[in-house]
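Q: fold the stuff below for me.
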Amino acid sequence: MDLSSLQYAPGSRKKSKRIGRGEGSGHGGTSTKGNKGLKSRSGAHMKAWFEGGQMPLQRRLPKYGFVNLFRVEYQTLNLGALHALKGSRVDIKTLFEAGLVARKDQPVKLLGNGEVRQAFDVEVHAITDPARTKIEKAGGKVQVLGIRKTRLDKKKRK
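A: As a prediction, the model looks like this:
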């Protein structure tokens with residue numbers, strides 16, 4: 001037995017329907033699409049949420065809530081994670097390079113969970129009071145950056 005004599009198991013492979021190849025194929029005429037209607041036309045595409053004219057689910061469900069355009073989404077970071085840094089300077093760039101935050105363009109908030117063993121010069125967008133006191137008690141400095149961009153500013157620019 002060699003590779004040239006290999007065959008598929010009987011019945012494991014089925015010929016595909018050859019649609020639109022005339023009446024002799026058994027799939028001629030309407031090409032298995034039935035008579036009339038959207039789905040019988042060429043280029044027919046039903047949207048995933050279309051429910052056949054029934055009131056769609058997204059319109060049946062009640063609307064609730066409110067979207068605050070001025071909400072600022074922070075990347076949070078605990079004090080205990082700062083020990084992964086080599087230097088004493090902590091800013092967005094060093095946090096991003098160390099892999100402690102995922103994005104450079106999103107503001108960072110420092111939380112007070114964990115201990116500070118060395119003096120850090122911290123430059124973040126927001127900081128909790130316990131985190132500030134722990135850093136200052138260890139001999140470090142804290143500088144809070146302002147938030148420059150809001151979602152509303154981004155929408156106005158488009």
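Q: format the CA atom coordinates belonging to the helix ranked longest in the chain as CSV.
A: Taking DSSP state H as the criterion, the chain has its longest helix at helix 129-137. Extracted C-alpha coordinates of helix 129-137, given in CSV (Å, rounded to 0.1, in the frame of the first residue of the first chain):
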residue,chain,number,x,y,z
ASP,A,129,-6.2,60.0,48.8
PRO,A,130,-4.8,56.8,50.4
ALA,A,131,-2.4,56.4,47.5
ARG,A,132,-1.2,60.1,47.7
THR,A,133,-0.6,59.8,51.5
LYS,A,134,1.4,56.5,51.1
ILE,A,135,3.6,58.0,48.3
GLU,A,136,4.2,61.2,50.2
LYS,A,137,4.9,59.3,53.5
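Q: packing partners of the very next helix or strand once past it?
A: Next along the chain after helix 129-137, taking DSSP states H and E as the criterion, comes strand 141-144. Applying 3 or more CB pairs under 8 Å, 6 or more residues apart in numbering; DSSP states H and E, one finds that strand 141-144 contacts strand 121-124, strand 126-127, helix 129-137. Glycine gets a C-beta too; all of them are placed from N, C-alpha and C.
Q: give me the mean pLDDT for strand 141-144.
A: Averaged across strand 141-144, pLDDT comes to 94.
Q: that one pairs with which strands, parallel or anti?
A: strand 121-124 (parallel) (DSSP bridges).
Q: can you pull the buried residues of the partner strand?
A: Buried residues in strand 121-124, counted by 16 or more other CB atoms under 10 Å: Val122, Glu123, Val124.
Q: circling back to that earlier point, what's the longest helix of the chain in contact with?
A: Leu79, Leu110, Leu111, Gly112, Glu115, Val116, Ala119, Phe120, Val122, Lys141, Val142 (CB atoms under 8 Å, 6 or more residues apart in numbering).
Q: nothing else from me, thank you.
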